[in-house]
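In: Predicted model follows, preceded by the sequence.
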Amino acid sequence: MRWILVDKILEVDPGNSAIGLRSFSRSELFFMDHFPGFPIVPGVLQVEMIAQVGGKCIRAANPSILTVLSSVKSSRFLKNIVPG
C-alpha cells in the first residue's frame, strides 16, 4: 500500500527547503476515531507528511538518492491540524 499524504509541492529549493500542501476533508477515515467531536490529524501522519516533503527536497538536489525516514528522536506540534 502506498500512502501519499501531500497533495502538492508548492516550492522547492533543492537540498535546502520545500513547502508542501495537504487539504483534509472531514470525510477522512481517521477523523472518526481521532478524536470524536474534536477531529485532528494524528501526529504520526504529520511526521510522515514532513518526511515526504523533505524527501522530495533531497531528491530534487540528487535524484539518485533513495530517501527513507529511519527515526524521529523528538517532535513537538505547535498547533492542531483540523479538517478544512
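Out: Sure thing, it's come through.
In: Can you list the residue ranges for helices in this structure?
Out: Ranges of helices within the chain are 43-61, based on DSSP state H.
In: How about the contacts made by the residue most central in space within the chain?
Out: Taking Cα atoms, centre = their mean, the centroid of the chain lies closest to Met49, which sits 1.1 Å from it. The contact partners of Met49, taken as Cβ atoms under 8 Å, 6 or more residues apart in numbering, are Leu5, Val6, Gly20, Arg22. C-beta here means a position set from N, CA and C on the backbone, and glycine is covered the same way.
In: In CSV: those, plus distance to Pro36 and pLDDT.
Out: Formatted as CSV, those follow (distance: Cβ to Cβ, whole Å; pLDDT from 0 to 100):
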residue, distance to Pro36, pLDDT
Leu5, 22, 94
Val6, 27, 96
Gly20, 28, 98
Arg22, 22, 96
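In: Which two among the residues you listed are spaced furthest apart?
Out: Within these, Leu5 and Gly20 form the most distant pair, 8.8 Å apart (Cβ to Cβ).
In: quick one, which of these two is more surrounded?
Out: Just comparing Leu5 and Gly20: by other Cβ atoms under 10 Å the higher neighbour count belongs to Gly20, 19 against 16.
In: how many neighbours does the closest residue to the more buried one other than its chain neighbours have?
Out: Distance criterion Cβ to Cβ, 6 or more residues apart in numbering; nearest residue to Gly20, sequence neighbours excluded, is Val53 at 3.8 Å. Other residues near Val53 come to 21 when the count uses other Cβ under 10 Å.
In: quick one: the strands in the chain?
Out: In order along the chain, the chain carries the following strands (DSSP state E): 8-13, 17-21.
In: ok, the residue nearest to Gly20 to Ile19 distance?
Out: Relative to Ile19, Val53 is positioned 7 Å away (Cβ to Cβ, to the nearest Å).
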